[in-house]
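1. Fold the following and give me the result.
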Amino acid sequence: MAIHQREQHGLQTRLAELHRITGQTQPEAFSALAKLERIGIVEIEPDHTNRFDSVVALTEDARWRLARDSGSQVP
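-> Residues are numbered from 1 along each chain as shown. Below you'll find the model as predicted:
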């Protein structure tokens, strides 16, 4: 939901800031991110010069679901 809220305000989310945004430790945030990527909720746009500058974004399908049903919860 943190990524969704940021996207609604036109903000990108980078790997380096993910743990601060979610209030998790860095390992917890990366573990959750890996799960969300596996199930198709988020995608990572890699930055090959610095992986922590890679951008994390919702997939088009996840955005569509959230827009369609404002009461839905993304895991």
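
2. same for the helix or strand that F30 is a member of, what does it pack against?
-> F30 is part of helix 26-38, with elements assigned from DSSP states H and E. Helix 26-38 sits against helix 15-22, strand 42-45, with contacts defined as 3 or more C-beta pairs under 8 Å, 6 or more residues apart in numbering; DSSP states H and E. Placement of C-beta: from N, CA and C, glycine included.

3. partner strands of the last one, parallel or antiparallel?
-> Spelled out, it's strand 42-45. strand 55-58 (antiparallel) (DSSP bridges).

4. Please state the offset of the next helix or strand after the partner strand from the chain centre?
-> Note on strand 55-58: by DSSP H and E, the next helix or strand toward the C-terminus is helix 60-68. Relative to its chain's centre, helix 60-68 lies at 13 Å (C-alpha atoms, centre = their mean, to the nearest Å).

5. Give me the mean pLDDT for helix 60-68.
-> Throughout helix 60-68, pLDDT has a mean value of 88.

6. So which bits of it are buried?
-> 62, 66 (16 or more other C-beta atoms under 10 Å).

7. Between helix 26-38 and that helix, find me the angle.
-> Relative orientation of helix 60-68 and helix 26-38, computed by axes from the mean of the first three to the mean of the last three C-alpha atoms, to 10 degrees: 90 degrees.

8. who does helix 60-68 touch, helix- and strand-wise?
-> helix 2-8.

9. List the buried residues for the helix it packs on?
-> 2-4, 6-7.

10. Equivalent analysis for stretch 12-29, please.
-> Result for stretch 12-29 [16+ other C-beta under 10 Å]: buried residues 13, 15, 17-19, 21-22, 24, 29.

11. Let's verify the residue of the chain most remote from its centre: helix, strand, or coil?
-> Using C-alpha atoms, centre = their mean, the residue of the chain lying farthest from its centre is T49. It sits 20.1 Å away. Taking DSSP: H, G, I helix; E, B strand; the rest coil as the rule, one finds T49 in the coil state.
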